[in-house]
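Q: Fold the following, please.
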Amino acid sequence: MKNIELPLLDQINFPADLRKLDQSELPQLCAELRSFIIDTVSQNGGHFGASLGVVELTAALHYVMNTPYDQLVWDVGHQAYGHKILTGRKAHFHTNRKYKGLSGFPRRNESDYDTFGTGHSSTSISAALGMALAAKRKGQHDKQHIAVIGDGAMTAGLAFEALNHAGISDTNLIVILNDNCMSIDQNVGALKEYLTHLTLSKTYNKIRRKLGRTLDKIPVVGELSKDILNHAKAGLKSAMAEHANFFEALNMRYFGPVDGHDVLKLADILEDLKAIPGPKLLHVVTTKGKGFLPAEEEKTLWHFPGLFDKVTGEIHKKVSAEPQPPKYQDVFGHTIIELAELNEKIVGITPAMLSGSSLKFMMEKMPDRTFDVGICEQHAVTLSAGFAAQGLKAFCNIYSSFMQRGYDQMIHDVVLQRLPVIFCLDRGGLVGEDGATHHGIYDIAYSRCLPDLIISSPMNEGELRNLMYTAQLEEMDRPFIIRYPRGQGVMSDWRRPFEEIEIGTGRVIREGSDIAILSFGHPGNFASEACDELEKEGISAGLFDMRFVKPLDEKLLHHIFQNYNQLITVEDGCRIGGLGTAVVEFMAEHKYHAEVHILGVPDRIVEHGKVEELYKECEYDKEGIVAAARACLGEKVLTIKLLRHESF
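A: Below you'll find the predicted structure:
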């Protein structure tokens, strides 16, 4: 794949090789590293802008710090491609995010240089602080601990909690605030405005540093001199109180802001910081997408652009002559606008996922009714509860895997108060190349145990629209979950009139005589294809779209157990605690006797790959369902095989 000249980067496989360079060679190395990332991602895909923005910071960190002895923690991990390339994975980087290849995020089991696994935001400071305190306990006083966190991730409560603790810890902790005004979308909130003020107040920062150094040089002779010096420092602090630095107020020594693309200056500053004891924060200003003009100009688009032409900047898009089904998130985004035009009580809330959830459409058309709260899932949930407490219909759109971060708020602030918040859990199920940290496979299990909570999942786009319509009706007086997967649906003609769905009712897709397949959500489409395949083999399979896992359609379940003694359940979630478990519980409660085979995500960590590869691995794609049906029927399948003289 290599088609570019990289004389310095070719010599570097590990940071030890990097440290052999003269410091003056670092700018050229950064140019080569940036070219390598552009070349590889353009052909293989992946996150893009974030890694380009920290090329110089990455090189400087590994040049100055003694990694992996010094512990480097990347927040989220979107920006860690340069880190991976410099830490022994350059030759395999073309496998990034591919099935059985490198993870797109730092993983502890992938490299000793990946000191902490990441994928969700705002964990870095807590993790690095824990490592620093552990090193102190072990007597490793020379060990450095560095957390690199973006200004978007800094908005989360966990980051503030960690800073609050770090300020009273006597540890070698360096927090590097990578300030680029972006998460995936443009950052929002008061912290963004504050950091902008710090960045622009260069005169203030220059004066503060010079005066501080001057006072530190004053000789101390006796207690009186010490008192005078302390009063002078206090006076300086008081005189500049209106510019008081938030981080220093938390006892974090603040340095910056500095140019995050000046690798030589960064290396010098990091060398100085190593010698300063105690917790410190370095404010680094960078440009997301640096060095690739289209990515600098359209940062959200180039966060994850897919394949593209590295020369022209043209993003390659799939072209089809036939109308293609839309993405589920786009159906949500357009449908909520239709509903909001009919119901003035509707508001939309998302934690920093305007584009990913397609709530951006509502923000563009109804900005006064759309709220991006930053990377703050807990706040998003309780804010939605506050809206609901005042009679509004709050659509709280959160990725399934991120909803885990707001679970206590779901219980305490929504469920226990029976507030009718509508949770639209995007990316429900296996999500593909983002891998284990982003698979939305636990929400059915962790929410099914909560009382008075409706849990639904549409089999297609039309069902999604109707569930959204039902959830916002005036008589709906309890919380409502609608979970749907990432990516395309199955209906090109999805924009149909709304229909109310009776809560807790499923659908009979087809009846059969040999085996019943009960599906929940999008996998019902795999089951439908499997039924067609089984029919060719002489096996009559019934298919039932349960639509709700709570409350269950008990009338439909009685019908199924009275007519079938072989059942397969299919869901895009973990097998433990999901639809299959609910069906078995129903069977036991009503003393039915049948064989139930549960298909879903097995009880282990599922890594990354294309969703089709992961469905196959977890054995609930079409072929997996067909194989399960054959196994369940056993002798009947053998009889059919003998009668038809066919082999499988």
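Q: And the helices in the stretch 101-250 of the chain?
A: Under the criterion DSSP state H, counting those that start in this stretch, the stretch 101-250 of the chain contains helices at 124-138, 157-166, 190-200, 202-216, 222-239, 246-249.
Q: quick one: P420 is in a strand?
A: No - looking at P420 with DSSP: H, G, I helix; E, B strand; the rest coil, it is coil, so not inside a strand.
Q: And for A16, the neighbour number?
A: 11 (other Cβ atoms under 10 Å). Glycine gets a C-beta too; all of them are placed from N, C-alpha and C.
Q: Okay, and it sits in which element?
A: Using DSSP states H and E, A16 sits in helix 15-18.
Q: what's that helix in contact with?
A: For helix 15-18, contacts defined as Cβ atoms under 8 Å, 6 or more residues apart in numbering pick out Q11, I12, L29, A59, H62, Y63, T67, L86, T87, Y113.
Q: Going through those, which ones are buried?
A: Neighbour-count burial (16 or more other Cβ atoms under 10 Å) applied to the contacts of helix 15-18 gives I12, L29, A59, H62, Y63, T67, L86, T87, Y113.
Q: and the chain, what are its domains?
A: If you go by automatic domain parsing, the domain ranges for the chain are 9-303, 328-483, 507-644.
Q: Dump those domains into a markdown table; add mean pLDDT and distance to V311 as well.
A: As requested, the domains of the chain are exported to a markdown table (pLDDT from 0 to 100; distance: least, Cβ to Cβ, whole Å):
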| stretch | mean pLDDT | distance to V311 |
| --- | --- | --- |
| domain 9-303 | 87 | 9 |
| domain 328-483 | 97 | 25 |
| domain 507-644 | 94 | 27 |
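Q: and the ones you listed, which is most packed in?
A: Mean neighbours per residue, mean count of other Cβ atoms under 10 Å, is largest over those for domain 328-483, with a mean of 22.
Q: What is the end-to-end distance of that one?
A: Using Cα to Cα, to the nearest Å, the end-to-end distance of domain 328-483 comes to 10 Å.
Q: ditto for stretch 538-549
A: Criterion Cα to Cα; first-to-last residue distance in stretch 538-549 is 30 Å.
Q: for stretch 74-92, same thing?
A: Start-to-end span of stretch 74-92 (Cα to Cα) is 20 Å.
Q: Any chance of the domains of the chain in a markdown table with distance to M491 as columns?
A: Shown next, in a markdown table, are the domains of the chain (distance: least, Cβ to Cβ, whole Å):
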| stretch | distance to M491 |
| --- | --- |
| domain 9-303 | 27 |
| domain 328-483 | 5 |
| domain 507-644 | 10 |
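Q: T312 is nearest to which of the ones you listed?
A: Closest of the domains of the chain to T312 is domain 9-303, at 9.0 Å (criterion: Cβ to Cβ).
Q: Check the offset of that closest one from the chain's centre.
A: Its chain's C-alpha centre and that of domain 9-303 lie 21 Å apart, by Cα atoms, centre = their mean, to the nearest Å.
Q: pretty sure G386 is in a helix, no?
A: Yes - assessed by three-state DSSP, G386 belongs to a helix.
Q: That one and M410, how far apart?
A: Distance, G386 to M410, using Cβ to Cβ, to the nearest Å: 14 Å.
Q: Could you verify my assumption that A50 touches H303?
A: Yes - with contact taken as Cβ atoms under 8 Å, A50 and H303 are classed as touching, separated by 6.8 Å.
Q: list residues touching both of the two?
A: The contact lists of A50 and H303 share H78, K288, where a contact means Cβ under 8 Å, 6+ apart.
Q: Please read off the pLDDT at the residue lying closest to P551 once chain neighbours are set aside from the model.
A: Closest residue to P551 apart from its sequence neighbours, by Cβ to Cβ, 6 or more residues apart in numbering: G504 at 3.8 Å. Predicted confidence (pLDDT) at G504: the value is 98.
Q: quick one: G504 from V285, how far?
A: The span separating G504 from V285 equals 53 Å under the rule Cβ to Cβ.
Q: next one: D553
A: On the measure of Cβ to Cβ, D553 and V285 end up 56 Å apart.
Q: hey, where'd the strands end up in the stretch 501-648 of the chain?
A: For the stretch 501-648 of the chain, strands defined by DSSP state E, counting those that start in this stretch occupy the ranges 507-510, 515-520, 541-545, 548-550, 566-574, 595-601.
Q: List the strands paired with the second one, with their directions.
A: Just to be clear, that refers to strand 515-520. Note on strand 515-520: by DSSP bridges, its sheet partners are strand 541-545 (parallel), strand 566-574 (parallel).
Q: Same question for the first one.
A: Using DSSP bridges, the strands paired with strand 507-510 in its sheet are strand 541-545 (antiparallel).
Q: For E193, state which of the contacts of helix 15-18 is nearest.
A: Using Cβ to Cβ, A59 comes nearest to E193 of the contacts of helix 15-18, at 30.8 Å.
Q: re earlier: what about the contacts of helix 15-18, which are in helices?
A: Using DSSP state H, L29, A59, H62, Y63 are the members of those that sit in helices.
Q: Could you pull up the residues touching the last one?
A: Right, the one you point to is Y63. Shown in contact with Y63 (Cβ under 8 Å, 6+ apart): P15, L18, R19, L21, Q23, L26, A267.
Q: gap between the fifth one and I12?
A: Distance of Q23 to I12, computed by Cβ to Cβ: 15 Å.
Q: sorry, back to before: nearest to E475 among the strands of the stretch 501-648 of the chain would be which one?
A: Closest to E475 of the strands of the stretch 501-648 of the chain is strand 548-550 (Cβ to Cβ; 16.9 Å).
Q: From the rest of the structure, what touches that closest one?
A: Strand 548-550 is contacted by residues 444, 447-448, 453-457, 503-506, 520, 571, 578-579, 582 when judged by Cβ under 8 Å, 6+ apart.
Q: Next step: these restricted to helices.
A: I444, S447, R448, L579, A582.
Q: now, which of the residues you listed sits nearest R604?
A: Distance to R604, by Cβ to Cβ, is smallest for I444 among the ones in helices among the contacts of strand 548-550, at 17.2 Å.
Q: A strand includes I375, no?
A: No - the assignment for I375 by three-state DSSP gives coil, which leaves it out of any strand.
Q: close enough to count as contact, it and D151?
A: No - using Cβ under 8 Å, I375 is not in contact with D151, being 10.2 Å away.
Q: mind checking how far I501 is from R19?
A: Going from I501 to R19 by Cβ to Cβ gives 63 Å.
Q: returning to what we had before: out of the domains of the chain, which is closest to D493?
A: Set against D493 and scored by Cβ to Cβ, the domains of the chain come closest in domain 328-483, at 8.7 Å.
Q: show me what contacts F93?
A: If a contact means Cβ under 8 Å, 6+ apart, then F93 has F36, T40, Y81, K84, I85, L102 as its contacts.
Q: May I see these organised as TSV, with distance to L557 added?
A: Formatted as TSV, those follow (distance: Cβ to Cβ, whole Å):
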residue	distance to L557
F36	56
T40	51
Y81	49
K84	49
I85	53
L102	44
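Q: So which of those residues sit within strands?
A: Counting by DSSP state E, no part of these is found in strands.
Q: Mind picking the one among those that's closest to A134?
A: When these are ranked by distance to A134 (Cβ to Cβ), K84 comes first, at 24.7 Å.
Q: Would you confirm that that closest one contacts L102?
A: Yes - with contact defined as Cβ under 8 Å, K84 counts as touching L102 (6.7 Å).
Q: which residues do these two both contact?
A: Common neighbours of K84 and L102 (Cβ under 8 Å, 6+ apart) are F93, N96.
Q: Am I right that A162 is in contact with L129?
A: Yes - using Cβ under 8 Å, A162 makes contact with L129 at a distance of 5.8 Å.
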